[in-house]
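Enquirer: okay, here's the prediction I keep looking at, along with the sequence it came from:
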Amino acid sequence: MDEENTTQEEPKETVEDSSKRVQSKTVETLDRADEIVERRERVAAREEALQERKEAFAARQAVGGITEAGQPSEKKEQTSKEYAEDVMLGKIKAQ
């Protein structure tokens, strides 16, 4: 018996098919790149607006002075004379 070697040949891709596939991949890549660029532009615009707000806030704070709200108060050292007066007035118990 003669055995015939049958091999399945894959259909050969024509140049036209190959170029269409490359073009579609290129278009997909370009579309993706456009999306990335648009997203970066939106982020840059938001960051620019935020920076302007920060600058305006800093300017208002510099012109208007700095408030003490939320700042820890500084403890004043009590002199011995002030301590003696507080003891005499009964604000502090003598030890």
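Expert: Happy to help now that I have it.

Enquirer: measure R39 to K76 for me?
Expert: To K76, R39 is 54 Å away according to Cβ to Cβ, to the nearest Å. C-beta coordinates here come from the backbone N, C-alpha and C atoms, glycine included.

Enquirer: between the two, which one's more packed in?
Expert: For R39 and K76, the more surrounded residue by other Cβ atoms under 10 Å is R39, and the numbers stand at 10 against 7.

Enquirer: D34: neighbouring residues, count only.
Expert: D34: 10 neighbours (other Cβ under 10 Å).

Enquirer: host element of it?
Expert: Using DSSP states H and E, the element containing D34 is helix 15-64.

Enquirer: what mean pLDDT does that helix get?
Expert: Average pLDDT, helix 15-64: 87.

Enquirer: got the CA coordinates for whichever helix or strand comes after that helix in CSV?
Expert: Using DSSP H and E, the next helix or strand after helix 15-64 towards the C-terminus is helix 80-89. Extracted in CSV, the C-alpha atoms of helix 80-89 (Å, rounded to 0.1, in the frame of the first residue of the first chain):
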residue,chain,number,x,y,z
SER,A,80,9.6,83.4,89.9
LYS,A,81,7.8,86.6,90.6
GLU,A,82,4.8,85.5,88.6
TYR,A,83,4.9,82.1,90.3
ALA,A,84,4.9,83.8,93.7
GLU,A,85,1.9,86.0,92.7
ASP,A,86,0.0,82.9,91.5
VAL,A,87,0.7,81.1,94.8
MET,A,88,-0.4,84.2,96.8
LEU,A,89,-3.6,84.5,94.8
